[in-house]
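For reference, the sequence and a predicted model appear below.
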Number of protein chains: 2
Amino acid sequence: MTKATRQQRVTAADVAGAAGVSRATVGFVLNDTPGQTISEGTRRRVLEAAVRLGYRPHTAAQALASGRSRLILLVLPDWPIEYSMRRCLDEASLALDRRGYSLVTYTPHAGGRARPLWESLSPDVVVGFTSFGAEDLASMRACGVTKVIPAAGQGSPFWRPPVAGAGSALQVEHLHERGHRRLAFGASDDARLGSLVQERFGAAQACAGELGLPELDVRRIGRDDGSAAAAVRHWHEAGVSGVVAYNDDIAAVVTGAAVRAGLSVPGDLAVIGHDDSPLAGMFVPSLSSVRVDTADLGRYLAELALQEAEGSASSPAQLAVEAEVVPRESTRSRHDG
Amino acid sequence: MTKATRQQRVTAADVAGAAGVSRATVGFVLNDTPGQTISEGTRRRVLEAAVRLGYRPHTAAQALASGRSRLILLVLPDWPIEYSMRRCLDEASLALDRRGYSLVTYTPHAGGRARPLWESLSPDVVVGFTSFGAEDLASMRACGVTKVIPAAGQGSPFWRPPVAGAGSALQVEHLHERGHRRLAFGASDDARLGSLVQERFGAAQACAGELGLPELDVRRIGRDDGSAAAAVRHWHEAGVSGVVAYNDDIAAVVTGAAVRAGLSVPGDLAVIGHDDSPLAGMFVPSLSSVRVDTADLGRYLAELALQEAEGSASSPAQLAVEAEVVPRESTRSRHDG
DNA sequence: TTAGGCGACTAGCGCGCGCAAGCACCATCT
DNA sequence: AGATGGTGCTTGCGCGCGCTAGTCGCCTAA
């Protein structure tokens, strides 16, 4: 039983043997190592042998030798953003893959005491949607992860304008176009969302200011605590006719409360959500919303991570977020189709 | 500049130096290597030094030397199951972590041509929620992944009873209790869900049979193609008074169509969903649903993966799925509170 | 003719760790 | 006294790969 038969894994040495060259040459060819000149004939023989044997470099060995795992760990928040982020993650994976990196997503559980994934993966870069706590940062440092986004003490790049606020201005404009002048903002009561809610509210407020509208009346809306009913009553009495919701969930809760209170949506109160989740189309009345093209965000994310990973001259990646209103029943005016 | 100062990473050699023992001893102590006897004093010195220096084993080196990455890759389908699976994943992570494994989740994109994650992670086991295609299996074999669940040619263990159908029987029972005799099943038109829909429908059908009810009238429901309106009309004419929906989304679409058709829910048509998603509570009328405790499923999953990883005698892990009806407005009867 | 340069490759070290083999030491048995 | 067997450790190989420091032959210029 020869060595080649006994072991199952095809190594670079096997390829070298098959191509009649040394192991180093195989490495040079497959990695296109700069500063190494390889004759066309040899290169072809090596590539052909690699394909024929089905050679796959052993990632652990590569990581050990090179000191880089070519892994990017994306830490997602523990609230469900999955749906709206799907495109974003796909796009980011693709962009990273083209540069030889893989994206791994990770959703730590608040109470869960499992070892964080960066300890078992040794990613080159850890990217967080939210800022990291001191404990997490210490844990990363301890296991050799030095490249972190956002860096210690910095805010997440995803919650800064225009990323976070792009769609909120559209919500306000949309209601303004439909003739609504007194607007309110339905915020989430989820503490974990603090900054994102703030960002969206800020953008909406700013837009209202530009349009010459009065300040938005903000209320925090919980899921089943009656806060929505109270807010709706309050708004109705205050003459508010249009509600900008932080997201589609809040829009649904507000709309539901209004309907239960005997108000007509959009007749007495128009409501617009954010993210264009499936819920928006299913609700009765269907909810107007804002669709954000998160593919851009994905590419931006990848660019950011790559800059960190390769330490390249940081041309501050530009991000153009495309967003558009998806009008539905909840903001329909009388003269609409 | 000493060596210890120059390099940032703390290695087992550093710990050995600090504890005054050889590197091998450090390994034996930290791994509790069976067949090695270490004196209590030495063991304490090593552990103390490891903690003091903040030693973390280099996972790539461990993987290379041991031939095992201690990584379990869970391949999720590309439809949004995130919400209902969150608990499941948490529980699975925890259970695996206790045994020294890490769970990585991966959602391949249908069109995306990024390198699959098993190639860059070399996981010990790949677990799929759905069966794998021949291409995927070949790719896994090529990069040394031999342990796959479900194995080639086998169906997923998650879509078999009682996992998949546990809640569906409860839906039928619930409607039966409320006096409904002619029931229908609202299936999803998403082809990717084929088997799961089948499983749930089968369980519902079986339960109906046991209760002496006629066969369920199945209709596929799309999201905005009018199929829901058609189904509702058809059901109403056929005298159906209760609808078992594949999940809460379908329940919402059916309920919405009924309301728009001027029917009263639950007066003219009672509807019950499945999964108890947030949507169920927000909808108007709120949707009765079935909450499944996916934590059990998570532990089962972990057990399955561990058996595969360690090749232990496979005592076929038992799975008890706990499910309960969450009654809401969409199935409320007159005499209910 | 010979030094020198260059293209095309190879030898081999080191990454950090698991683990087999070996070795010194001491207590017990013959 | 020497043989035996265990305890408690060390030496050192090998995992597969990246990459530095060469080697070797050939071609050109002095």
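Arrived safely, thanks for sending.

Wasn't A:Gln8 part of a helix?
No: counting by DSSP: H, G, I helix; E, B strand; the rest coil, A:Gln8 falls outside a helix, being coil.

Not counting residues beside it along the chain, what's closest to it?
Leaving out its chain neighbours, the residue that sits closest to A:Gln8 by Cβ to Cβ, 6 or more residues apart in numbering or on different chains is B:Gly144, at 7.0 Å. In this view, the C-beta of every residue, glycine as well, is placed from N, C-alpha and C.

Distance-wise, check that neighbour relative to B:Ser122.
Distance, B:Gly144 to B:Ser122, by Cβ to Cβ, to the nearest Å: 6 Å.

A:Ala114 now?
20 Å.

For A:Val46, list the residues it contacts.
By Cβ atoms under 8 Å, 6 or more residues apart in numbering or on different chains, the contact set of A:Val46 is A:15-16, A:19, A:21, A:25-26, A:29-30, A:38.

Go through these and flag which are in helices.
Mapping the contacts of A:Val46 onto helices (DSSP state H) picks out A:15-16, A:19, A:25-26, A:29-30.

of all those, which comes closest to DNA strand D?
Using Cβ to the nearest atom of the strand, A:Leu30 comes nearest to DNA strand D of those, at 6.5 Å.

just how off-centre is the helix or strand harbouring A:Glu48 within its chain?
Using DSSP states H and E, the element containing A:Glu48 is helix A:40-53. How far helix A:40-53 lies from its chain's middle: 40 Å, per Cα atoms, centre = their mean, to the nearest Å.

Now do the buried residues in it.
A:42-43, A:45-47, A:49-50, A:53 (16 or more other Cβ atoms under 10 Å in any protein chain shown).

Following it in sequence, what is the next regular element?
Heading C-terminal from helix A:40-53, the first helix or strand you meet, by DSSP H and E, is helix A:59-66.

B:Gly144 and B:Ser122 - which one has more neighbours?
Applying other Cβ atoms under 10 Å in any protein chain shown to B:Gly144 and B:Ser122 shows that B:Ser122 carries more neighbours, namely 22 against 16.

what about that one, distance to chain A?
As defined by Cβ to the nearest Cβ, to the nearest Å, B:Ser122 lies at a distance of 5 Å from chain A.

quick one: that residue and A:Ala60 touch, right?
Yes: using Cβ atoms under 8 Å, B:Ser122 is in contact with A:Ala60, at 6.2 Å.

near DNA strand C, which residues of the stretch 1-150 of chain A?
Applying Cβ under 7 Å from any atom of the strand, we find that the stretch 1-150 of chain A lies next to DNA strand C at A:20-25, A:28, A:36-39, A:41-43, A:61, A:64-65.

what about 6 Å?
Residues of the stretch 1-150 of chain A that fall close to DNA strand C, judged by Cβ under 6 Å from any atom of the strand: A:21-25, A:37-39, A:42, A:64-65.

so which helix or strand takes in A:Trp118?
helix A:117-121.

Can you name every helix or strand that that helix contacts?
Applying 3 or more Cβ pairs under 8 Å, 6 or more residues apart in numbering or on different chains; DSSP states H and E, one finds that helix A:117-121 contacts strand A:71-75, strand A:102-106, helix A:134-142, helix B:59-66, strand B:102-106.

could those go into a markdown table alongside mean pLDDT, distance to B:Trp79 and mean neighbour count?
Compiled in a markdown table, the helices and strands packed on helix A:117-121 are given as follows (pLDDT from 0 to 100; distance: least, Cβ to Cβ, whole Å; neighbours: other Cβ atoms under 10 Å in any protein chain shown):
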| stretch | mean pLDDT | distance to B:Trp79 | mean neighbour count |
| --- | --- | --- | --- |
| strand A:71-75 | 96 | 20 | 25 |
| strand A:102-106 | 95 | 16 | 22 |
| helix A:134-142 | 90 | 31 | 15 |
| helix B:59-66 | 96 | 32 | 18 |
| strand B:102-106 | 95 | 14 | 22 |
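
Any idea which of the ones you listed gets closest to B:Ser195?
Nearest to B:Ser195 among the helices and strands packed on helix A:117-121 is strand B:102-106 (19.9 Å), distances taken as Cβ to Cβ.

helices or strands next to the closest one in the packing?
Taking 3+ Cβ pairs under 8 Å, 6+ apart as contact, the helices and strands that strand B:102-106 lies on are strand A:102-106, helix A:117-121, strand B:71-75, helix B:82-98, helix B:117-121.

one more time with 6 Å
strand B:71-75, helix B:82-98 (3 or more Cβ pairs under 6 Å, 6 or more residues apart in numbering or on different chains; DSSP states H and E).

Can you flag the weakest of those by average pLDDT?
The minimum mean pLDDT among the helices and strands packed on strand B:102-106 belongs to helix B:82-98 (a mean of 86).

ok and that one relative to strand B:71-75, angle-wise?
Helix B:82-98 runs at 160 degrees relative to strand B:71-75, counting by axes from the mean of the first three to the mean of the last three Cα atoms, to 10 degrees.

From the contact counts, what lies against helix B:82-98?
Under the contact rule (3+ Cβ pairs under 6 Å, 6+ apart), helix B:82-98 is packed against strand B:102-106, helix B:294-310.

Just confirm yes or no for the last one near DNA strand C.
No: contact between helix B:294-310 and DNA strand C, assessed by Cβ under 6 Å from any atom of the strand, is absent, since the two come no nearer than 12.3 Å.

next structured bit after that helix?
The first helix or strand that comes after helix B:294-310 along the chain, using DSSP H and E, is strand B:323-326.
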